[in-house]
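> Make a model of this:
(one chain, ligands or ions: 2)
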Amino acid sequence: VNDITVKENLPCVNENVDDVTEKSDYDIKTENTRQRIRRVVYMHSREIVEAANKMIKVENRASLVSGLIESYGLHKYLRVTEPRPATFDELSIFHSGEFLEFLKSINDQDDEEKYTEEAQLYGLSYDCPAHTGVYDYVRLITGATVQAAEHLIDNMADAAINWFGGWHHGKKDSAAGFCYSNDIVLGILKLRERFSRVLYVDLDLHHGDGVEDAFCSTNKVLTLSVHKQAVGFYPGTGKVTDVGCGKGKYYAVNIPLKDGIQDTEFSTLVCRILVKIKEKFDPDVVVCQCGADGIIGDPMESFNLTQLSLGRCISTLLSWKLPILLLGGGGYNHANTARCWTYLTSIAVGRKLQNDIPEHKYLLEYGPDYELQITPGNKKNDNSKDYIQNLYHDVLYNINQMMTNTQSR
Ligand SMILES: O=C(/C=C/c1ccccc1NC(=O)c1ccccc1Oc1ccccc1)NO
Ligand SMILES: [Zn+2]
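Ligands and ions are numbered 1, 2, ... in the order given. Got it, this is the predicted structure:
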């Protein structure tokens with residue numbers, strides 16, 4: 001197995017955050033001739049920001065994310081699109097009618113009445129409470145992801161972004177892990193209306209179990225999740241031996257990691273595996289969940305990543321020139337999550353950002369450094385070199401079992 005310690009020829013495209021280089025008009029004109037500027041749809045409205053702000057555990061995060069993106073003027077390079085709520089019928093393409101009827105029934109109740117026997121049935125309880133307006137919230141968030149997918153299907157965009165989506169634990173008939181519906185599954189089902197092979201990449205600290213479960217027995221959707229795996233750590237699934245089932249066997253790929261992994265090791269491992277998956281699976285479209293709870297400073301206190309890790313993964317995926325859907329997810333240090341998703345947005349539109357956070361309404365949230373670049377911590381790395389080597393070997397073995405898409409066509 002070739003040693004995967006850092007080599008100069010990192011398979012990930014390296015995009016550093018450095019000082020702003022505002023291009024002159026001339027540069028942009030030549031740039032246009034040299035490379036087509038990527039068309040990027042960005043799902044945003046005051047209504048969805050207000051709905052997302054109310055979400056438990058991520059209160060007000062939506063305002064920080066959209067505020068920081070606007071403070072850098074990135075919306076000038078984005079096709080800002082107002083999302084429409086998904087209909088009951090659209091949601092029932094994945095979710096059960098009973099579950100949706102229940103969410104609808106509690107939508108207007110105030111909080112106390114929620115903790116009934118029935119609520120427990122649908123995954124709503126003290127550690128996954130539902131707030132008033134939860135059904136309205138689910139319709140809006142999921143509608144945005146489905147609409148973003150529609151823009152890719154209609155070839156209206158090369159990339160589509162919904163930082164309010166990415167709720168990867170949602171199940172067919174229950175809420176789970178603060179995910180009240182699974183917008184990702186509905187987005188992938190929408191993409192499958194036009195694209196034959198969908199690659200789903202989950203960069204969140206937690207295993208993307210809801211998406212993997214939904215597509216574990218098909219070879220048309222390959223789910224790749226890189227996540228923390230530890231005794232008692234939610235959701236507990238996602239072992240490297242978890243490869244999917246039936247026709248989907250080997251089309252679920254899992255990269256379980258331990259605490260303390262940092263940018264170089266994480267991005268080298270993930271990008272090398274992405275390149276192998278591209279060769280074998282040859283996807284037509286990519287969906288990437290960019291959960292930011294693996295970043296240093298998150299209350300999850302697990303990985304030791306900065307936004308550079310996710311940036312290198314996204315740059316690699318963008319270099320494939322396939323239609324791509326970028327989604328949010330976890331991320332409980334709201335300032336760092338905003339830093340991360342603003343950085344990823346800048347990569348999607350191909351603009352470099354100055355490291356000093358611009359003056360704007362939420363500037364004080366970024367103290368004491370007021371810088372975009374997150375500084376790595378000095379957390380102990382529990383991933384030994386041997387562990388990473390063996391894991392890489394095991395993942396490659398699984399990927400090589402996958403029939404190349406020519407064979408399985
Ligand atoms: O982020 C997730 C899922 C989070 C989750 C799932 C099941 C149960 C709890 C969960 N989340 C949390 O505990 C959680 C979410 C936001 C902020 C603090 C949170 O707790 C703590 C509390 C103390 C330390 C660490 C984490 N999926 O991507
Ligand atoms: Zn998470």
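
> how about the residue in the stretch 301-409 of the chain positioned nearest to ligand 2, phi and psi?
For the stretch 301-409 of the chain and ligand 2, the shortest gap (Cβ to the ion) falls at residue 330, measuring 2.6 Å. Quick note: C-beta positions are derived from backbone N, CA and C, even for glycine. Per-residue torsions, residue 330: phi -70, psi 170 (degrees, to the nearest 10).

> Residue 312 too?
The phi/psi pair for residue 312 (degrees, to the nearest 10) reads phi -70, psi -40.

> just to revisit the earlier point, can you get me a residue count around the residue of the stretch 301-409 of the chain closest to ligand 2?
27 (other Cβ atoms under 10 Å).

> residues contacting it?
Contacts for residue 330 were tallied using Cβ atoms under 8 Å, 6 or more residues apart in numbering; they are 166, 204-206, 291-293, 300.

> Mind naming the longest strand for this protein?
When the chain is parsed with DSSP state E, its longest strand is strand 221-228.

> continuing past that strand, what's the next helix or strand?
Scanning forward in sequence from strand 221-228 by DSSP states H and E, the next helix or strand is strand 252-257.

> Let's see the pLDDT reported for the closest residue to ligand 2 within the stretch 101-250 of the chain.
Here the stretch 101-250 of the chain gets closest to ligand 2 at one residue, residue 206, 3.7 Å apart by Cβ to the ion. Listed pLDDT for residue 206 reads 98.

> Over to the residue positioned nearest the centre of the chain: give its phi and psi.
Geometric centre of the chain, nearest residue: residue 289, 1.5 Å, by Cα atoms, centre = their mean. With angles defined as degrees, to the nearest 10, residue 289 sits at phi -90, psi 120.

> Could you tell me the model confidence score at it?
99.

> Surely it touches residue 205?
No - at 11.0 Å, residue 289 does not count as touching residue 205 under the criterion of Cβ atoms under 8 Å.

> show me the contacts for the residue nearest to the centre of the chain.
With Cβ under 8 Å, 6+ apart, residue 289 has these contacts: 166, 168, 184, 200-204, 208, 211, 327-329.

> What is the longest strand of the chain packed up against?
strand 198-202, helix 209-214, strand 252-257, helix 263-281 (3 or more Cβ pairs under 8 Å, 6 or more residues apart in numbering; DSSP states H and E).

> in stretch 386-396, what's buried?
388-389, 391-392, 394-396 (16 or more other Cβ atoms under 10 Å).

> Keep only those of the residues you listed that are in helices.
Within the buried residues of stretch 386-396, residues falling in helices by DSSP state H are 388-389, 391-392, 394-396.

> pLDDT weak spots in this protein?
Along the chain, segments meeting pLDDT under 70 span 1-36, 111-115, 404-409.

> Close to ligand 2: what parts of it are there?
Within reach of ligand 2 by Cβ under 5 Å from the ion, the chain has these residues: 204-206, 291, 293, 330.
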